[in-house]
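> Predicted coordinates and the sequence they were generated for:
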Amino acid sequence: GESVGLHLPTLSVQEGDNSIINCAYSNSASDYFIWYKQESGKGPQFIIDIRSNMDKRQGQRVTVLLNKTVKHLSLQIAATQPGDSAVYFCAENRGRGSTLGRLYFGRGTQLTVWP
Amino acid sequence: DSGVTQTPKHLITATGQRVTLRCSPRSGDLSVYWYQQSLDQGLQFLIQYYNGEERAKGNILERFSAQQFPDLHSELNLSSLELGDSALYFCASSVGQGDEKLFFGSGTQLSVL
């Protein structure tokens, strides 16, 4: 399954399928990107990050792809499990001066995994 | 468990009142960040402290203030509370001044009645 985080806030997939969550970021000066997972009643949990000098980074069952040309970020989850059900946020850091520590979050995509 | 501790988990108060939210960062982290999460605004950055000093300011209202103490814990003070201040308030911490991953606490759910 695939969704655009800003326009389709929900994504439903079958257990075992791969999931793709997309995010369009706004600022061409952004040079650091993070994906967070937020389960109900909990704080955002770090999943994976990528810097602008890379276009792909892999973690355990997750891959982040960065396309700077079109300012697009995606999170791929392999073999999606029920425990992956959560809201997924992309966040960008513009890394300049007084905004160095500030993350700008997208609106989030609700991923639901069906058994 | 992220290692970031926030108290209290829930807070119910009335309009016009003042509350204090507390955050203890992960051991070794020097930066503390405060974020507000509401249904209509998403996750909004409020303020960042680094090693006791204010480092960056976001969409923080004048009725809100924060500080970071010598032991690096932080408090967020919200005063003259309005109904619209009801939200989840998250604290996060990081090792340096920014441009790095943040670790979030489990949040304080504030309800203003």
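Perfect, thanks for sending it. As the structure is a prediction and not an experimental result, all values here were calculated from the model.
> Mind checking the pLDDT average for stretch B:67-87?
Averaging pLDDT along stretch B:67-87 yields 97.
> is it up against chain A anywhere?
No. Judged by Cβ under 8 Å from any Cβ of the partner chain, stretch B:67-87 and chain A are separated, with a smallest distance of 12.7 Å. (C-beta placed from N, C-alpha, C; glycine too.)
> What of stretch B:21-41?
Yes. Using Cβ under 8 Å from any Cβ, stretch B:21-41 reaches chain A at B:31, B:33.
> So for that stretch, mean pLDDT?
Here the average pLDDT along stretch B:21-41 is 93.
> ok, and for it, which residues are buried?
For stretch B:21-41, a neighbour-count test (16 or more other Cβ atoms under 10 Å in any protein chain shown) marks B:21, B:23-26, B:29-37 as buried.
> Same check on stretch A:55-64?
Result for stretch A:55-64 [16+ other Cβ under 10 Å]: buried residues A:62, A:63, A:64.
> wait, which of these is closest to chain B?
residue A:64 (12.7 Å; Cβ to the nearest Cβ).
> right, and that closest one touches residue A:36 too?
No. Checked against Cβ atoms under 8 Å, the pair residue A:64 and residue A:36 is beyond contact range at 11.8 Å.
> on that earlier part again, could you work out the most separated pair of the buried residues of stretch B:21-41?
For those, the farthest-apart pair by Cβ to Cβ is B:30 and B:37; their separation is 23.6 Å.
> All the strands of chain A, residue numbers only.
A:2-4, A:10-14, A:19-24, A:32-38, A:45-51, A:56-58, A:62-67, A:72-77, A:86-93, A:103-105, A:109-114 (DSSP state E).
> wait, which of those strands is closest to chain B?
Short answer: strand A:103-105, nearest of the strands of chain A by Cβ to the nearest Cβ, at 4.0 Å.
> what pairs with that closest one, and is each one parallel or antiparallel?
strand A:86-93 (antiparallel) (DSSP bridges).
> and the residue in chain B that chain A sits nearest to, how many neighbours does it have?
Per Cβ to the nearest Cβ, residue B:98 is where chain B lies closest to chain A, at 2.7 Å. Residues lying near residue B:98 (other Cβ atoms under 10 Å in any protein chain shown) number 22.
> That one against residue B:49, yeah?
No. Applying Cβ under 8 Å, one finds residue B:98 not in contact with residue B:49, separated by 11.4 Å.
> hang on, the earlier thing: what are the phi and psi values for the residue of chain B closest to chain A?
phi 150, psi -170 (degrees, to the nearest 10).
> contacting residues for residue A:112?
Shown in contact with residue A:112 (Cβ atoms under 8 Å, 6 or more residues apart in numbering or on different chains): A:10, A:11, A:12, A:13, A:85.
> With residue B:46 instead?
Residue B:46 touches B:33, B:34, B:35, B:36, B:57, B:58, B:59, B:60, B:64, B:66, B:76, counting by Cβ under 8 Å, 6+ apart.
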